[in-house]
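A.B. asks: need a structure here:
(one chain, ligands or ions: 2)
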Amino acid sequence: MAPTRLVVLISGGGSNLQAIIDACESGEINAQIAAVISNKADAYGLERAKQAGIATQVLSHKDFDSREAYDTQLMSIIDSFIPNLVVLAGFMRILTPNLVQKYIGKMLNIHPSLLPKYQGLNTHQRAIDANDDVHGVSVHFVTEELDGGPVILQAKVPVLKDDTADTLAKRVHEQEHIIYPLVVKWFSEHRLTMEADYAVLDETKLPAHGAQYPQ
Ligand SMILES: Nc1nc2c(c(=O)[nH]1)N[C@@H](CN(C=O)c1ccc(C(=O)N[C@@H](CCC(=O)O)C(=O)O)cc1)CN2
Ligand SMILES: NCC(=O)N[C@@H]1O[C@H](COP(=O)([O-])[O-])[C@@H](O)[C@H]1O
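C.D. replies: Numbers count the residues shown, from 1 in each chain. Ligands and ions are numbered 1, 2, ... in the order given. Next up, the predicted model:
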């Protein structure tokens with residue numbers, strides 16, 4: 001089967017991008033990253049992509065007068081790489097309805113909370129402030145509703161009494177790097193749709209660390 005063509009959108013360090021790069025390079029995922037696009041020129045994820053020989057492009061939102069104008073240009077760039085799947089990996093811009101609808105069912109996001117809890121930003125601190133004893137991460141389809149799309153896979157981590165947002169984020173990151181490549185692999189093998197019967201996904205492949213299907 002031809003490898004799934006990925007376009008990955010980032011804004012920062014790119015550790016999730018790196019996990020997907022590694023999984024593609026090892027053959028774990030039958031996919032290739034056609035391009036990495038960042039809205040921040042100083043995103044270290046761009047360096048990770050360059051070191052892996054992956055095409056990169058920077059599209060700064062500051063160069064556009066509106067979200068719609070930015071997304072129109074972003075769509076044009078994404079389309080030029082003819083992706084089967086668009087992967088948001090720490091991409092920190094809210095996408096407009098036109099762009100979301102164009103890629104509906106073939107755009108994924110990773111969000112650092114157990115959705116539907118804590119949509120939006122600053123999720124780790126919010127979990128600590130709420131005295132939660134469990135936190136985690138969700139991989140979901142992107143829809144117009146911010147962080148409201150169908151959840152595909154989640155992973156849980158404990159919140160420790162002395163946790164800071166940084167120590168909790170580090171624990172969550174470890175799980176992100178397991179479940180995101182796994183979901184991309186499932187997409188590449190099963191051509192996941194938003195109406196997917198999650199039973200199609202082989203539960204035995206779930207990492208032992210407590211990943212769970214949405215209830
Ligand atoms: N239409 C959608 N767009 C995006 C989704 C989505 O589900 N639907 N997921 C987000 C990712 N995300 C959380 O997982 C997220 C990203 C950015 C923001 C946000 O408030 N961004 C601000 C700018 C913040 C900054 O620059 O630091 C903004 O866009 O004004 C919230 C949640 C990606 N997009
Ligand atoms: N709302 C989106 C969001 O907060 N996403 C989060 O950004 C980080 C990106 O890290 P990375 O750049 O090292 O992959 C990840 O923790 C991801 O869950």
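A.B. asks: And the lowest-mean-pLDDT helix or strand in the chain, what does it pack against?
C.D. replies: Lowest mean confidence among the helices and strands of the chain (mean pLDDT, DSSP states H and E): strand 151-158, at a mean of 90. Applying 3 or more Cβ pairs under 8 Å, 6 or more residues apart in numbering; DSSP states H and E, one finds that strand 151-158 contacts strand 134-141, helix 165-190. For glycine as for every other residue, the C-beta is placed from the backbone atoms N, C-alpha and C.
A.B. asks: Might you list the low-confidence residue ranges for this structure?
C.D. replies: Within the chain, the ranges that satisfy pLDDT under 70 run 191-215.
A.B. asks: Quick check: residues of it near ligand 2?
C.D. replies: Within the chain, the positions adjacent to ligand 2 are 10, 12-17, 45, 89-90, 110-112, 137, 173, 176 by Cβ under 6 Å from any ligand atom.
A.B. asks: The same query, at a cut-off of 5 Å, please.
C.D. replies: The chain comes close to ligand 2 at residues 12, 13, 14, 15, 16, 89, 90, 110, 112, as judged by Cβ under 5 Å from any ligand atom.
A.B. asks: what helix or strand is the closest residue to the third one other than its chain neighbours on?
C.D. replies: This points to residue 14. Among residues not flanking residue 14 along the chain, residue 45 sits closest, at 2.2 Å (Cβ to Cβ, 6 or more residues apart in numbering). Taking DSSP states H and E as the definition, one finds residue 45 inside helix 44-51.
A.B. asks: Distance check, residue 10 against residue 54.
C.D. replies: Per Cβ to Cβ, to the nearest Å, residue 10 is found 11 Å from residue 54.
A.B. asks: got the residues of this protein near ligand 1?
C.D. replies: Residues of the chain found near ligand 1 (Cβ under 5 Å from any ligand atom) are 92, 93, 94, 95, 100, 109, 111, 142, 146, 147.
A.B. asks: Which of those fall within strands?
C.D. replies: Within the residues of the chain next to ligand 1, residues falling in strands by DSSP state E are 109, 111.
A.B. asks: now the residues of the chain next to ligand 1: which count as buried?
C.D. replies: When the residues of the chain next to ligand 1 are checked for burial by 16 or more other Cβ atoms under 10 Å, the buried set is 93, 95, 100, 109, 111, 142, 147.
A.B. asks: ok, for the third one, nearest residue in space, not its chain neighbours?
C.D. replies: The shortest distance from residue 100 to any residue other than its chain neighbours is 5.1 Å, reached at residue 144 (Cβ to Cβ, 6+ apart).
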